[in-house]
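Engineer: Sequence and predicted model, in that order:
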Amino acid sequence: MFDSEKVKKVTEAKEQWKAGTLGKVLAKAPERKAHFATDSGIELETVYTPDNLGEFNYEEKLGLPGQYPYTRGPQPNMYRGRFWTMRMYAGFGTAEQTNERFRYLMQQGQTGLSCAFDLPTQIGYDSDHPLSQGEVGKVGVAIDTLADMEVLFDQIPLGKVSTSMTINAPAAVLLAMYIVVAEKQGVPVDQIAGTIQNDILKEYIARGTYIYPPEPSMRLITNIFEYCSQHVPKWNTISISGYHIREAGSTAAQEIAFTLADGIAYVQAAIDAGLDVDVFASRLSFFFNAHLNFFEEIAKFRAARRLWAKIMKERFGAKKEKSMMLRFHTQTAGCTLTAQQPDVNIVRVAYQALMAALGGTQSLHTNSRDEALALPNEHSVLIALRTQQVIAHEIGAADVVDPLGGSYYVESLTDQLEAKAQEYLDKIDALGGALKAIEFMQREIQTSAYQYQQGVESGDNVVIGVNKFKIQEEPPKGLLKVDPALGIAQCEKLKKVKEGRDNAAVQAALEHIRQVARTDENLMPAIIDAVRLYASLGEICGVLREEFGEYKQNIVF
């Protein structure tokens, strides 16, 4: 029974303690530096108490896991039902080499695939294009035609595994190839599961692998939304990415705000194209960074979930629960890895992976110890995968849903990050939305990156092995290197495919894409038809380049 007199006495005792014992202790205690703050500018108290939460409405702020506003997670029992998907990012060299890495990781217990594409593929050029020279297979796998995609997923049953593909401007083409490979394996298209990144706005803001101007790019994205809602219902049609925004130098609050601002733009574009929000919203997914500040990152994930739920319910009128749930993949922060003392990266990644698990991620990639030096070798990748498996199976972190929920500190950080992100969202709205606010977001990211680097150079931001605890080291050994001759071999493979296909049929299919591009029709069926005939990625993107033009970025300092 509620005893108001008892509560009153407890409150009075707490106030006396704060004014007396705590106040005296804190007044005398030395501190390491002048002030403590997170990278988002949140000033940190020495000790957190219920007063830091003010009038904390449990139901409004938290609720139960699986219930609006999903602060504590999108599923009622989270990892007690099943672990997050262990989705190691892989891709280098040829389709054969990447297929071998995929199958190795699956043998070691990986539960989902994640594919990296090389730079020419990401910007819509074939391996034999002059601009591709020296870049084929370097930062991911080279994919020119359906023939490469068939090799990439050889002996991998697409009806039983989900695949994430980090591809943006040419996402429609790579998705078309995946669909046709599944067909060739005898897998019904409505049974394949996975994600394409397909997030072009963050390419304009932070990453740079764009092709077309914003308007036709948004058309391609909504075409994919529409096509998949009708034919590929298990596919996540976009992964709205804060990861690259954070890698470019943003703060945690900016990562939330700029990512959700992009999400708002995509939802509005789909609604403007005539789609029902409750038809496509459940297939939206997000992609966040797990950076360095342990508690701020956990709070960031929780704040993002709560804020997105409110946006979908209040701004867009979503009715279905799944339309309001923010489901996300996490990757540990590549920008925090150091070439100096690379073994220390194992420690950094382990803590970052734990942040993701405690923050309620749906899938996770752990970076490898040697990624500041080269593509990760097989041994390094295995350590990174085993890191996730230890967190899942050995240390108890996955035994309870949202174990830090209710912490005065974590709840205070969650509230403050949500408030700071909302301030940014209000500014972006005032500028006309994410498409109009690209340069604003770029400037904010650049300022944050500059301030962080100043802290590294002054020593205020400690980086082990870089500006503190440095040692003499031997040159690294055992690094994975891509053979420069690979580019020549890939061009020869492409030449043979072009010689062996029905080129008249290919040209007709490409012309059909051109004609559809000049209308309001959905482009996906025409692209799939061309892919079936082994039209190359560069040929398809080339036609769309001619029709849509290319994006030219303003340089912002």
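Structural biologist: Great, that's in hand. Numbers count the residues shown, from 1 in each chain.
Engineer: contacting residues around the longest helix belonging to the chain?
Structural biologist: In the chain, taking DSSP state H as the definition, the longest helix is helix 408-430. The contact list for helix 408-430, computed with Cβ atoms under 8 Å, 6 or more residues apart in numbering, reads 38, 40-42, 48-50, 52-53, 56, 61-62, 71, 252-254, 256-258, 260-261, 264, 295-296, 298-300, 302-304, 306-307, 404-405, 434, 437, 440-441, 444. Any C-beta I mention is one placed from the backbone N, CA and C, and that applies to glycine too.
Engineer: Show me which residues of the helix or strand where Glu457 lies are buried.
Structural biologist: Using DSSP states H and E, the element containing Glu457 is helix 438-458. Buried positions in helix 438-458, judged by neighbour count with 16 or more other Cβ atoms under 10 Å: Ile438, Phe440, Met441, Gln442, Glu444, Ile445, Gln446, Ser448, Ala449, Tyr452.
Engineer: Kindly report the same for stretch 89-97.
Structural biologist: Quick answer for stretch 89-97 (16+ other Cβ under 10 Å): Tyr89, Ala90, Gly91, Phe92, Gly93, Thr94, Ala95, Gln97.
Engineer: is it true that the fifth one touches Lys481?
Structural biologist: This points to Gly93. No: if you go by Cβ atoms under 8 Å, Gly93 and Lys481 don't touch, sitting 10.0 Å apart.
Engineer: Report the contact partners of the spatially closest residue to Val161 that is not a sequence neighbour.
Structural biologist: Distance criterion Cβ to Cβ, 6 or more residues apart in numbering; nearest residue to Val161, sequence neighbours excluded, is Leu113 at 5.9 Å. Counting by Cβ under 8 Å, 6+ apart, Leu113 touches Arg87, Ala90, Phe102, Met106, Ile156, Val161, Ser162, Thr163, Ser164, Gly194.
Engineer: Spatially nearest residue to Arg514, not counting backbone neighbours?
Structural biologist: Val543 (5.1 Å).
Engineer: Who are the contact partners of that neighbour?
Structural biologist: Leu510, Ile513, Arg514, Ala517.
Engineer: Closest to Leu174 out of those residues?
Structural biologist: Ile513 (15.3 Å; Cβ to Cβ).
Engineer: I'd say Gln110 and Phe83 touch.
Structural biologist: No: contact criterion Cβ under 8 Å: Gln110 and Phe83 do not qualify, at 11.8 Å.
Engineer: neighbour-wise, which of these two wins?
Structural biologist: Gln110 (23 against 18; other Cβ atoms under 10 Å).
Engineer: still on that earlier bit, among the contacts of helix 408-430, name the buried ones.
Structural biologist: Looks like the contacts of helix 408-430 have 38, 40, 42, 48, 52-53, 61-62, 71, 252-254, 256-258, 260-261, 264, 295-296, 298-300, 302-304, 306-307, 404-405, 434, 437, 440-441, 444 buried, using 16+ other Cβ under 10 Å.
Engineer: Contacts only, for the residue nearest the centre of the chain.
Structural biologist: The residue lying closest to the centre of the chain (Cα atoms, centre = their mean) is Phe287, at 2.3 Å. Listed by Cβ under 8 Å, 6+ apart, the contact set of Phe287 reads Gln197, Asp199, Ser239, Ile240, Ser241, Gly242, Tyr243, Phe328, His329, Thr330, Gln331.
Engineer: again, only this time at 7 Å
Structural biologist: Counting by Cβ atoms under 7 Å, 6 or more residues apart in numbering, Phe287 touches Ser239, Ile240, Ser241, Gly242, Tyr243, Phe328, His329.
Engineer: Show me those that map onto strands.
Structural biologist: In this view, the contacts of Phe287 that belong to strands under DSSP state E are Ser239, Ile240, Ser241, Phe328, His329.
Engineer: What about the second one, how many residues nearby?
Structural biologist: Ile240 has 26 neighbouring residues, counting by other Cβ under 10 Å.
Engineer: Contact partners for it?
Structural biologist: Ile240 makes contacts with Asp199, Thr259, Asp262, Gly263, Tyr266, Leu284, Phe286, Phe287, as judged by Cβ under 7 Å, 6+ apart.
Engineer: hmm, back to that, among the contacts of Val543, who's most crowded?
Structural biologist: Ile513 (20 neighbours).
Engineer: Report the secondary structure state of it.
Structural biologist: helix (DSSP: H, G, I helix; E, B strand; the rest coil).
Engineer: where does it land on pLDDT?
Structural biologist: Model confidence at Ile513, given as pLDDT, is 98.
Engineer: can you map out the strands along this protein?
Structural biologist: 85-90, 112-116, 162-166, 193-196, 235-236, 238-241, 284-290, 328-332, 363-365.
Engineer: now those strands in JSON lines, with mean pLDDT?
Structural biologist: Putting the strands of the chain into JSON lines (pLDDT from 0 to 100) gives the following:
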{"stretch": "strand 85-90", "mean pLDDT": "94"}
{"stretch": "strand 112-116", "mean pLDDT": "95"}
{"stretch": "strand 162-166", "mean pLDDT": "97"}
{"stretch": "strand 193-196", "mean pLDDT": "96"}
{"stretch": "strand 235-236", "mean pLDDT": "96"}
{"stretch": "strand 238-241", "mean pLDDT": "97"}
{"stretch": "strand 284-290", "mean pLDDT": "98"}
{"stretch": "strand 328-332", "mean pLDDT": "98"}
{"stretch": "strand 363-365", "mean pLDDT": "97"}
